[in-house]
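J.: here is my input, please return the structure:
(one chain, ligands or ions: 1)
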Amino acid sequence: MKMDLAEDMTRPSAPPSDMPLPAVPRDLSRWALFLDIDGTLLDIAPSPDAVRIPPDLPGMLDTLREQAGGALALVTGREIRKVDEFFAPICFPVAGVHGAELRMPDGSRKGTPISPALPGIISELQVFVDANPGLLLERKARAVAVHYRQAPELGDEVEAHVRLLVETQETGLEVQPGKMVVEIRPHGVDKGRAIELFMEDAPYAGRLPLVIGDDWTDEAAFRTANARGGVSIRVGRDTRPTEASARLLDPTAVRAWLASVLESVTV
Ligand SMILES: O=P(O)(O)OC[C@H]1O[C@H](O[C@H]2O[C@H](CO)[C@@H](O)[C@H](O)[C@H]2O)[C@H](O)[C@@H](O)[C@@H]1O
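T.: All right, here's what the predicted structure looks like:
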């Protein structure tokens, strides 16, 4: 179902640099919202556990979900259990670990199998991280991440080491670079496919996807939104190539934009 966006959206003034500001949807019954977390809803912090959840954010997302007839999901590299900690006591539908684990609106779960190669790779990475001050290992059930935000000079070495561990043997895993992080996630999952799975069923089916994200992993989600005639919004000030069609400058702008969506639908 492809709709004329101009029918439903009011466009704010003041377009930023190279890409337009996203227009504000007036009728949320036509949209399914898919929101990334780190760098999009939340400001980037020095380490994964140092993020700050703005006190009014969980409630605002819950109201948005309600106004959208339930058609909202968080689409993130984080594990679902971590997302629940952030937004407690609210449990949102979530695609976690870049789409490797899903929780649907009825609470049912889907997840890719855990690679038998993962525990050995994690052990090897722990040794590597221990030998290189500044690196941080983030363990997940189906994945693992090596963060180098505190030692940016090690970025290339981290990526080379992770690729060596993952790509020189049959692991069923893939390397996923991110912001000052190199992650290992299950092969064959991405955020675009996760959104396709949500879009198969109510309350998402028949709506237009609106995706907001900031990172390389969000490009697959942007492609899905674009292919379905929806809207893709890249967060960030840098000019790296993106498939998104609009831009918001930072998480503060994202939260303000989402608040303006709520204002436009509730008045
Ligand atoms: O898909 P996302 O919701 O954007 O999650 C991607 C990864 O985000 C987290 O790491 C990033 O944010 C940290 C906190 O701000 C920051 O310290 C780190 O440098 C960033 O890479 C998270 O830790 C990962 O598990 C997510 O996959």
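J.: lowest-pLDDT helix or strand in this structure?
T.: helix 5-8 (a mean of 40; mean pLDDT, DSSP states H and E).
J.: now residue 95: how far from residue 55?
T.: Using C-beta to C-beta, to the nearest Å, residue 95 is found at 25 Å from residue 55. Every C-beta, even on glycine, is put in place using the N, C-alpha and C of the backbone.
J.: er, residue 162 I mean
T.: Going from residue 162 to residue 55 by C-beta to C-beta gives 36 Å.
J.: quick one, which of the two is more surrounded?
T.: Taking neighbours as other C-beta atoms under 10 Å, residue 162 and residue 55 compare with residue 162 leading, 24 against 7.
J.: next, give phi and psi for that one.
T.: Backbone geometry at residue 162, expressed as degrees, to the nearest 10, gives phi -60, psi -40.
J.: please name the residues that touch it.
T.: 125, 146, 175, 182, 184 (C-beta atoms under 8 Å, 6 or more residues apart in numbering).
J.: now, of those residues, which are buried?
T.: The neighbour-count criterion (16 or more other C-beta atoms under 10 Å) marks 125, 146, 182, 184 among these as buried.
J.: out of these, the closest to residue 252 would be?
T.: Nearest to residue 252, judged by C-beta to C-beta, of the buried ones among the contacts of residue 162 is residue 182 at 27.3 Å.
J.: in this structure, which residue sits nearest the ligand?
T.: Closest to the ligand within the chain is residue 77: 2.1 Å, counting by C-beta to the nearest ligand atom.
J.: quick one: residues in contact with whichever helix or strand residue 84 is part of.
T.: Per DSSP states H and E, residue 84 falls inside helix 80-87. By C-beta under 8 Å, 6+ apart, the residues outside helix 80-87 that reach it are 37, 42, 51, 53, 57-58, 61, 74, 76, 78, 91-92, 94, 96, 101, 103, 109.
J.: can you tell if it touches the ligand?
T.: No: Helix 80-87 stays clear of the ligand (C-beta under 6 Å from any ligand atom), getting no nearer than 7.6 Å.
J.: and the next helix or strand past that helix?
T.: Downstream of helix 80-87, the first helix or strand assigned by DSSP H and E is strand 94-96.
J.: for that following strand, name the packing helices and strands.
T.: Counting contacts by 3 or more C-beta pairs under 8 Å, 6 or more residues apart in numbering; DSSP states H and E, strand 94-96 is packed against strand 72-75, helix 80-87, strand 101-103, helix 191-199.
J.: mind listing what it pairs with, with the direction of each?
T.: According to DSSP bridges, strand 94-96 forms sheet pairs with strand 72-75 (parallel), strand 101-103 (antiparallel).
J.: and for the spatially closest residue to residue 96 that is not a sequence neighbour, the neighbour number?
T.: Nearest non-adjacent residue to residue 96, counting by C-beta to C-beta, 6 or more residues apart in numbering: residue 80, 4.1 Å away. By other C-beta under 10 Å, 22 other residues sit near residue 80.
J.: before we move on, what about the one 4 residues further on?
T.: For residue 84, the neighbour count with other C-beta under 10 Å is 17.
J.: could you find the closest non-adjacent residue to the most centrally placed residue in the chain?
T.: By C-alpha atoms, centre = their mean, the chain has its centre lying nearest to residue 36, at 2.9 Å. Nearest non-adjacent residue to residue 36, counting by C-beta to C-beta, 6+ apart: residue 213, 3.7 Å away.
J.: so that neighbour bridges to which residues?
T.: residue 234.
J.: check contacts around the nearest residue to residue 197 once chain neighbours are set aside.
T.: Nearest residue to residue 197 in three dimensions, chain neighbours excluded: residue 102, at 6.3 Å (C-beta to C-beta, 6+ apart). Going by C-beta under 8 Å, 6+ apart, residue 102 touches 94-96, 109-111, 194, 197-198.
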